[in-house]
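Participant: would you be able to build a 3D model of this:
(2 chains)
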Amino acid sequence: MSEYILELKNITKIFSGGPALDDVDFSLKYGEVHSIIGENGAGKSTLIKIITGVYSLTSGKIIYEDKDTVWSSPIESINKGIAAIYQEPAIFPDLNIAENIFMGHQAYNKYTRKISWRSLYKKTDNLMKELNIDLNPKQKIRTLSLAERQMVEIAKALSIKSKIIIMDEPTSALSISESEKLFEIIAQLKNSGVSVIFISHRIEDIFRVTDRLTVLRDGKCIGTKDIEEVTKDDLIQMMVGRKVDNLYPKIEAEIKEEILSVKNLSKKGAFKDVNFSLHEGEILGLYGLIGSGRTELAKAIFGMDPYDSGEVFLEGQKLNRLTPSQAIENGIAYIPENRDEEGIILGMNLVSNISLPILRKISKFTWLDSEAEKELTNKFVDILEIKASGIDQKVMNLSGGNKQKVSLAKWLATKTKIFIFDEPTKGIDVGAKASVHRFISELAVKGNCVLMISSDLPEIIGMSDNILIMHEGLVTGFFSRAEANQEKILEAALSNINKTNGNTNG
Amino acid sequence: MMDMVKKNNRFKSVFSRWETMLFLIFIIFNILMSFTTPYYLNAQSILDMTFIFMEKGLVALIMTLIIITGNIDLSVASTMSLSSVVMAVSFQSGINIWVSVLLGMLAGTFCGFLNGFIITRLSLPSMIITLATFSFYRGISYVILGDKAVSGFTEKFTYLGQGYIGSTKIPFPLVVFIVLAIVFSLVLHKTFMGRMIYAIGWNENSCFASGIPVKKIKLILFTLSGFISSFAAMFLTARIGNTRPNLATGFELEIITIVILGGVMISGGIGTMPGVIISIFLIGTIRYGLGLNNIPGQIMLIISGALLILSILINNIVKNFSKLKPLRQ
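Facilitator: Okay, here's the model as predicted:
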């Protein structure tokens, strides 16, 4: 028996558009965590789909447990022990944990065909113990957090005796503590001999869990390395193919007078007594775990979800509760975390998306001015280096990073002075990340102010002039760039010990 | 070489457009029909046939805008009935016919406004609300008029639905329709309002977050729908010369059928005014052709149902086989 449970040799996959994978080698040892990394479009998904049998090979060879294998269907690969867990698990929300885990392979009485519930719950209990998860098997999936749902998926994979578990971006929607829990479970899986293929854009996570990693770029295998052999910078260079000088290109900007200030802002069930102020040239980082009320706060300031009490001042003038269109009039823009649902219009082209907030102004009387729209679009496509086949391309066909740039571009034509970014680089690749960061930094230098919400700690520390931390709706910390470090921020984000001295700024 | 490819693509994309397909079906149908009866290709009867479907055509124009925003108005026919009844009752009680018409149209416009108000204020789905007002408005018509009918309108009023322009043989309603069709096409395809209508159909949340007055636009469209419906109701009443509470029964589904057949996506965001206009004329000529061939009107129901299924099938086949752009947004 070789040391590898799975080996892929000279895998090539050609789609009508061209090769998606070109002569890729990949190997997975028994009981190892192996990361596949690469920018969006590097071929990670294609490789996973080949491993799970969703795609057939154009050429190459799959060796699974020392045997040449050709998957006839994805179901065959599942039955042979390869399970994939996706970012947002496909689960039946109104059934309970045990029912979900054993969906499709419940034990039942041979004659009456009645499900033997007792053994079902007992088996689930055992699985939970094995994974160290503290959940009641009878709990409905609907009541679980995303992180807990992923754990249910892992339990499900174990229930069918999976030997390989593929995790596609499992941590992108999780908070730090949830991710930690997931890493513990991954360590347990490893100990029991299960191999894990781990895909993530978060380089910190990769260093946290991985034994070996394979880098893909433009459908080619750049190399497979032990994690000890590489540094973060090596990794980024391998992924991007050029040296990314700096992932957080923060330019020092002069911080001038106060533009926006928020006093005792409260919204029931979301946030309470929030105070902060935002200055010209400042990037204020807002860090908090999911459920800390940070997104609700941003939406309240922008007018998407009104706040209950408190005051917002713009350049000293008190603002009434705004609607988004009034907020835009007042120079506030919100670039949402939930980009596809709230930021851009997937079915429309770049022109229509970018001109949307100023459509009325760019029109002559009531008539659309297509020349002016084109000019505007071309300008921002150039400035933000948006990669598209043309300005007529529908936004749904762009990559995540480019979608994010479109979501940003539409505000640059407005007279926006206050930019609120909610998770500006979530789920986008390293190259795009650096350019979004550079752009945010330039916005501040030009005298705008930026409120940047993020759960990416290095991003918060790397980009912010001042950092505001929220926990369960309360401000629990405020640090200047000089005094901030990971430990302090995490401590404030996980508890509310600091809340008394946390609400003044500047 | 590149130019050739481009030209080829443009050629293909014109042919993959639903409007083109629809227009071809329209032409082919007319050629076939002209063989079945010598009376078909008669300029005057072709012009005269437009009398019978202009009312639906008018309402289809505003319905197109509403469906493109991802909404629907099921109450249009009931609104037509109610505004016609209000007009007739006013006229019967001795009010001047044109003042009565105004009252009828006010009633219809208010019906539309009420739809829009409930939908936008309470954030409820238009499908449910207009399904409720569909029976509500019709019910009020029955309460007002019972099982009676009102007729005996003045000749000046019946001109609306039966008259010709001056001494020519061009029907008055056709001219009104053409003018409104041009206005609606310009609004949808050339103004920022039209762009916003498409955008709302794709993604209401993103529009709201981009400062588009989503609720205001919806309110305007539903109010306009009431207005156009009552406007069409006057033409219909004038054409048939009397009013009953069951006026225009079933029109809402025929109108929605016309719009969908015209290439408008029921989920919103996709569709064009020219497509719907061709569809209006196609359905109209089918009815006319069948009538000339002595095929009873009920058969029309079967045909429009079949056509709707067929249209969606063809649309899918065209899209799948040529792998070209879907309908223009």
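Participant: for the rest of this, base every contact and every neighbour count on C-alpha atoms.
Facilitator: Noted.
Participant: so which bits of chain A are right by chain B?
Facilitator: Proximity of chain A to chain B is confined to A:304, A:323-326, A:328, A:334, A:341-348, A:352, A:356-357, A:359-360, A:363, A:366-368 under the rule Cα under 8 Å from any Cα of the partner chain.
Participant: ok, 6 Å please
Facilitator: A:324-325, A:342-345, A:357, A:366-368 (Cα under 6 Å from any Cα of the partner chain).
Participant: who wins for neighbours among these?
Facilitator: Counting neighbours by other Cα atoms under 10 Å in any protein chain shown, residue A:344 comes out on top of the residues of chain A next to chain B with 34 neighbours.
Participant: contacting residues around that one?
Facilitator: Residues in contact with residue A:344 (Cα atoms under 6 Å, 6 or more residues apart in numbering or on different chains) are A:407, B:206.
Participant: for residue B:161, give its distance to residue B:245.
Facilitator: Counting by Cα to Cα, to the nearest Å, the gap from residue B:161 to residue B:245 is 19 Å.
Participant: strands of the stretch 151-300 of chain A, start to end?
Facilitator: For the stretch 151-300 of chain A, the strands defined by DSSP state E, counting those that start in this stretch occupy A:164-168, A:195-199, A:212-217, A:220-226, A:258-267, A:271-279, A:283-288.
Participant: the inter-axis angle of the fifth one versus strand A:271-279?
Facilitator: What that stands for is strand A:258-267. 170 degrees (axes from the mean of the first three to the mean of the last three Cα atoms, to 10 degrees).
Participant: I'd like the average pLDDT over strand A:258-267.
Facilitator: For strand A:258-267, mean pLDDT rounds to 94.
Participant: in that strand, what counts as buried?
Facilitator: Neighbour-count burial for strand A:258-267, counted by 16 or more other Cα atoms under 10 Å in any protein chain shown, picks out A:258-263, A:265-267.
Participant: now do stretch B:138-147
Facilitator: For stretch B:138-147, by 16+ other Cα under 10 Å, it's B:138-142, B:145.
Participant: can you tell me the SS state at the closest residue to residue A:97 other than its chain neighbours?
Facilitator: Closest residue to residue A:97 apart from its sequence neighbours, by Cα to Cα, 6 or more residues apart in numbering or on different chains: residue A:137 at 5.0 Å. Secondary structure assignment for residue A:137 (DSSP: H, G, I helix; E, B strand; the rest coil): coil.
Participant: winner for burial among the strands of the stretch 151-300 of chain A?
Facilitator: Greatest average neighbour count among the strands of the stretch 151-300 of chain A goes to strand A:283-288 (a mean of 28), per mean count of other Cα atoms under 10 Å in any protein chain shown.
Participant: for that strand, packing partners?
Facilitator: Contacts defined by 3 or more Cα pairs under 6 Å, 6 or more residues apart in numbering or on different chains; DSSP states H and E place strand A:283-288 against strand A:449-454, strand A:466-471.
Participant: give me the angle between the last one and strand A:283-288.
Facilitator: Right, strand A:466-471. Going by the same axes, to 10 degrees, strand A:466-471 makes 20 degrees with strand A:283-288.
Participant: low-confidence ranges in chain A?
Facilitator: A:1, A:16-18, A:40-41, A:87-88, A:90, A:242-245, A:495-506 (pLDDT under 70).
Participant: run a quick neighbour tally on the nearest residue to residue B:165 once chain neighbours are set aside.
Facilitator: Excluding the flanking residues, the one nearest residue B:165 by Cα to Cα, 6+ apart is residue B:172, at 5.4 Å. Using other Cα under 10 Å, residue B:172 is surrounded by 20 other residues.
Participant: that older thread, now the residues of chain A next to chain B in TSV, with secondary structure?
Facilitator: Putting these into TSV (three-state DSSP) gives the following:
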residue	secondary structure
A:324	helix
A:325	helix
A:342	helix
A:343	helix
A:344	coil
A:345	coil
A:357	helix
A:366	coil
A:367	strand
A:368	coil
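Participant: how about the helices in the stretch 251-400 of chain A?
Facilitator: Using DSSP state H, counting those that start in this stretch, the helices of the stretch 251-400 of chain A run over A:294-302, A:324-329, A:350-355, A:359-362, A:370-383, A:400-412.
Participant: check what contacts the host helix or strand of residue B:283 and list those residues.
Facilitator: Residue B:283 belongs to helix B:273-292 when assigned by DSSP states H and E. Residues outside helix B:273-292 that contact it (Cα under 6 Å, 6+ apart): B:19, B:26, B:53, B:57, B:185, B:258-259, B:262.
Participant: residue A:140 pairs with what?
Facilitator: On the basis of DSSP bridges, residue A:140 is bridged to residue A:96.
Participant: residues near it, how many?
Facilitator: Residues lying near residue A:140 (other Cα under 10 Å) number 17.
Participant: tell me how far the residue in the stretch 51-200 of chain B that chain A sits nearest to lies from residue B:272.
Facilitator: Residue nearest to chain A within the stretch 51-200 of chain B: residue B:191 (4.3 Å; Cα to the nearest Cα). Distance, residue B:191 to residue B:272, using Cα to Cα: 14 Å.
Participant: okay, these two: which has more neighbours?
Facilitator: Set side by side, residue B:191 and residue B:272 show more neighbours around residue B:272, with 24 against 20, by other Cα under 10 Å.
Participant: look up how far residue A:346 lies from that one.
Facilitator: 19 Å.
Participant: could you find the closest non-adjacent residue to residue A:64?
Facilitator: Counting by Cα to Cα, 6+ apart, residue A:64 lies nearest to residue A:6, which is 4.6 Å off, once chain neighbours are set aside.
Participant: got the residues of the stretch 51-200 of chain B near chain A?
Facilitator: Selection of the stretch 51-200 of chain B residues close to chain A by Cα under 6 Å from any Cα yields B:190-192.
Participant: now do 10 Å
Facilitator: Taking Cα under 10 Å from any Cα of the partner chain, the part of the stretch 51-200 of chain B that reaches chain A is made up of B:186-187, B:189-196, B:198-200.
Participant: now do the strands in chain B.
Facilitator: Secondary structure of chain B (DSSP state E): strands at B:150-151, B:242-243.
Participant: quick one: stretch B:142-158 to chain centroid distance?
Facilitator: Between the centre of stretch B:142-158 and the centre of its chain there are 24 Å (Cα atoms, centre = their mean, to the nearest Å).
Participant: do the same with stretch A:439-458
Facilitator: Put simply, stretch A:439-458 sits 18 Å off its chain's centre (Cα atoms, centre = their mean).
Participant: low-confidence ranges in chain B?
Facilitator: Ranges of chain B meeting pLDDT under 70: B:1-16, B:315, B:318-329.
Participant: show me the longest helix that occurs in it.
Facilitator: helix B:214-240 (DSSP state H).
Participant: right, I'll leave it there.
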